[in-house]
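>>> task: produce atomic coordinates for the following.
(one chain, ligands or ions: 1)
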Amino acid sequence: MIKLYGSLVSRATRNLWMLEELGLDYEHVSLDWAKQENRSAAYLAINPAGKVPTLADGDATLSESLGINLYLAQKYGQGGLWPDDDAGRARCVQWSFWAGAELEPLAYGRIREFLFKKEPDRDQTLINDMAEQTGPLLDLMTLALDDNGFLAGDTFTVADLNVACVMEYLDRSGFDISGWPKVETWYKTTYGRSANQKIQDQRAPIAAEMMKRLQG
Ligand SMILES: N[C@@H](CCC(=O)N[C@@H](CS)C(=O)NCC(=O)O)C(=O)O
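Okay, the predicted model is just below:
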């Protein structure tokens, strides 16, 4: 059976969402990184980087959350989350790279400032700079969504899932996307899908506990 390693307060939620979308049977092995469970000898034998998530599926043991989702879509989502046409598949790869390389550094940067630091320790200059750099990315998404309402074609694909699960960091850190109404509508519809809702409902109490610890 497919195994997914990583806790509900980690990027593993990206893959849990995907596994639910695909309706696959899987085992979720929750590792608490606050307790360094991802640094145990047993886990390092599976993923020498000691990071989560890791997916084990038959001969494939994979890391990198967005790459794992591309793999799952390709293997189990043909014609749905993984489009039938070459251009659609290429756009899924393109947007996934974009999410990791362009959006995530800014969105995760905000999480570090807003969730992992207390108010007096936040770097307001950095926050303002990151906000300024985020605007053009949302402009670009608006252009892409103008064509068809989804990022890689005219239906929901792994491109939408991978971008939305990174955009989650903007949401959680209170970035206001109402100035980009197409993106806002797309995000609410995408992130609100029932497969993700199921995972977010499981995550909520654990995340609340973590926030209490971080913010006091
Ligand atoms: N680019 C990687 C990032 C993986 C990553 O940094 N995971 C964090 C949790 S979300 C982690 O394992 N942190 C614990 C550590 O580095 O010890 C991905 O998308 O999977």
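>>> does Q202 belong to a helix, a strand or coil?
Three-state call for Q202 (DSSP: H, G, I helix; E, B strand; the rest coil): helix.
>>> quick check: the residue nearest to it when sequence neighbours are not counted vs the ligand, distance?
Take Q202 and drop its neighbours on the chain: the residue closest to it by C-beta to C-beta, 6 or more residues apart in numbering is L8, 5.8 Å away. Using the backbone N, CA and C atoms, a C-beta is placed for each residue, glycine as well. Distance, L8 to the ligand, by C-beta to the nearest ligand atom, to the nearest Å: 11 Å.
>>> with D25 instead?
Per C-beta to the nearest ligand atom, D25 is found 22 Å from the ligand.
>>> can you get me a residue count around that residue?
When neighbours are defined as other C-beta atoms under 10 Å, D25 has 7 of them.
>>> for Q215, give me the pLDDT.
pLDDT, Q215: 79.
>>> returning to what we had before: is it true that the residue nearest to Q202 lies in a strand?
No. Going by three-state DSSP, the assignment for L8 is coil, not a strand.
>>> was I right about it contacting A207?
Yes. If you go by C-beta atoms under 8 Å, L8 and A207 touch, sitting 7.4 Å apart.
>>> so between the two, which is more surrounded?
Neighbour totals were compared for L8 and A207, and L8 leads with 19 against 16 (other C-beta under 10 Å).
>>> contact partners for the more buried one?
Contact analysis of L8 by C-beta atoms under 8 Å, 6 or more residues apart in numbering lists 16, 30, 199, 202-203, 206-207.
>>> what's the closest non-adjacent residue to the spatially most central residue of the chain?
With distances taken as C-alpha atoms, centre = their mean, C165 lies nearest the centre of the chain, 2.9 Å away. With C-beta to C-beta, 6+ apart as the criterion, C165 has its nearest non-adjacent residue at 4.2 Å, and that residue is R14.
>>> can you pull out the helices in this structure?
Here the chain has its helices, by DSSP state H, at 12-22, 41-46, 65-76, 86-98, 104-114, 124-148, 158-172, 181-191, 194-215.
>>> of these, give the one that comes closest to the ligand.
Closest of the helices of the chain to the ligand is helix 65-76, at 3.6 Å (criterion: C-beta to the nearest ligand atom).
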